[in-house]
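In: below is the sequence, then the predicted model.
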Amino acid sequence: MPSSIFKSVIATAAFAATPCAAQIGNWDIIYQSLETDFKDSITNEIVLDYRFGTGRSFQNDLFDSGCTEPITGMTINPTTARTTGITTDHDLLEIMLDLGKSTITSSNVWSSNNELQFCIRVQLKSGSNVIKEE
């Protein structure tokens, strides 16, 4: 009788020691580029591109240069475009910012050095949980 219990334990230990490969999806956020064009005829004056894990849910938010306060004093309309499968592991996220040019200098993102300074946060999410942030 004791030998049958011993064999059962050995079989379980052998099963537990069998290697297995876990698939953890790609959670990359990789900044690619920033383009600006402030001509009067242009909408989307600022365009940022990111590569991120294929199929991931994302959220982007804009803040002042301290990265804590919302942008105030000007109109800014962000839109996004996603291109899926630019590589086997990455999609492309294009974030386009349409700025109210006439109100930039009265906003909290216009510096005393006459520069536009702000932060953008890109988050990859699983449900309501933030998995990675850039």
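Out: Yep, that arrived.

In: for residue 87, helix, strand, or coil?
Out: Counting by DSSP: H, G, I helix; E, B strand; the rest coil, the backbone at residue 87 sits in coil.

In: separation between the spatially most central residue of the chain and residue 69?
Out: With distances taken as C-alpha atoms, centre = their mean, the chain has residue 122 as the residue nearest its mean C-alpha position (3.4 Å). Remark: distance between residue 122 and residue 69 (C-beta to C-beta, to the nearest Å) = 18 Å. (Each C-beta comes from the backbone N, C-alpha and C, glycine too.)

In: which residues in this protein form helices?
Out: Secondary structure of the chain by DSSP state H: the helices cover 2-16.

In: low-confidence ranges in it?
Out: Residue ranges of the chain with pLDDT under 70: 1-24.

In: re earlier: report the beta-bridge partner residues of the residue nearest to the centre of the chain.
Out: Here residue 122 sits in beta bridges with residue 60, going by DSSP bridges.
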